[in-house]
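J.: Take this sequence and fold it.
(one chain, ligands or ions: 1)
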Amino acid sequence: MIYMLDTADINAIKKAVDLYPLAGVTTNPSIIAKENRPLKAILLDIREVIGQERMLHAQVMGKDAETMLKEAQALRAIDPDIIVKVPVTPQGIKAMKLIHAEGIRITATAILTPQQALMAAVAGAEFLAPYVNRLDNICGDGVAVAAEMAQLIENYNLDAKVLGASFKNVQQVHQLALSGIQSVTIAPEVFDLLLVHPLTDSGVAGFVSDWEGVYGEGTNVL
Ligand code: E4P
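T.: Coordinates of the predicted model:
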């Protein structure tokens, strides 16, 4: 599983880099807007925290393909390794072809159907981000859509990965992982929940109490 964090909150990113096997950070315009400061400063700060070895995704905002291409070039000027997120609109698909031709990596975003994902992959997107929770919210099946996307990638032997996105609970992440999806991007509050279980906490507390009762408070195996 490739884990990414869906946030621009620098403290949440620092925490996740420290604790978890984090492969990257994804942002979107709403996430960036929450920070209420210049995009360039936000991206440079994130890069400093995640290092060169992790992925950083940032989205274009243009309404036409030519503007999206210019934005992708501008994002690359800020961060040479940036992965540019492009929505799966008709102009977005055109932009993917242009951006891919420039050698810039692409994440196709705002995906709600498998056919949007298939066309994005053919146009050059490396990651395909289905919005699992937004589909579930309208009585769709986000995990099933993501699984069909993965099947299409396999059918056509395409060089793309599904990047599950828009999760609101661990069950959604779990069902997606069971279906064999290769990567997920998760908001910090859901990411932390992946490890939560009260019996884990009470089990660890029991080990501490039994150990310290014999070997002394604050001791460990050293
Ligand atoms: C990632 O590509 C998306 O921007 C993100 O996961 C959307 O999540 P939301 O539905 O919680 O806004």
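J.: what separates the helix or strand hosting residue 209 from the chain centre, distance-wise?
T.: Applying DSSP states H and E as the criterion places residue 209 in helix 198-215. Once both centres are worked out by C-alpha atoms, centre = their mean, to the nearest Å, helix 198-215 turns out to sit 35 Å from its chain's centre.
J.: Give the buried residues for stretch 70-80.
T.: Across stretch 70-80, burial judged by 16 or more other C-beta atoms under 10 Å covers 71-72, 75-76, 78-79. Heads up, the C-betas are built off the backbone N, CA and C, glycines and all.
J.: Can I get it in PDB, CA atoms only?
T.: Backbone C-alpha positions of stretch 70-80 (Å, rounded to 0.1, in the frame of the first residue of the first chain) are rendered in PDB as follows:
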ATOM      1  CA  LYS A  70       1.000  26.900 -18.000                       C
ATOM      2  CA  GLU A  71       0.000  26.200 -14.400                       C
ATOM      3  CA  ALA A  72       1.600  22.800 -14.500                       C
ATOM      4  CA  GLN A  73       4.800  24.500 -15.800                       C
ATOM      5  CA  ALA A  74       4.600  27.100 -13.000                       C
ATOM      6  CA  LEU A  75       4.100  24.400 -10.400                       C
ATOM      7  CA  ARG A  76       7.200  22.500 -11.800                       C
ATOM      8  CA  ALA A  77       9.200  25.800 -11.500                       C
ATOM      9  CA  ILE A  78       8.300  25.900  -7.800                       C
ATOM     10  CA  ASP A  79       9.000  22.200  -7.300                       C
ATOM     11  CA  PRO A  80      10.700  20.200 -10.100                       C
END
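J.: which residues are contacting that stretch?
T.: The contact list for stretch 70-80 (C-beta atoms under 8 Å, 6 or more residues apart in numbering) reads 39-40, 43-44, 47, 56, 58, 60-62, 82, 84, 86, 95, 99, 102, 104.
J.: Sort out which of those residues are buried, if you could.
T.: 39, 43, 47, 56, 58, 60, 62, 82, 84, 86, 95, 99, 104.
J.: touching the ligand at all, the helix or strand that contains the fifth one?
T.: When secondary structure is defined using DSSP H and E, the element that contains residue 58 is strand 55-59. No: Strand 55-59 lies out of reach of the ligand by C-beta under 6 Å from any ligand atom, never closer than 7.3 Å.
J.: check whether stretch 88-107 contacts the ligand.
T.: No: using C-beta under 6 Å from any ligand atom, stretch 88-107 stays clear of the ligand, with a minimum separation of 6.9 Å.
J.: So for that stretch, first residue to last residue, what's the gap.
T.: Taking C-alpha to C-alpha, to the nearest Å as the measure, stretch 88-107 stretches 10 Å from start to finish.
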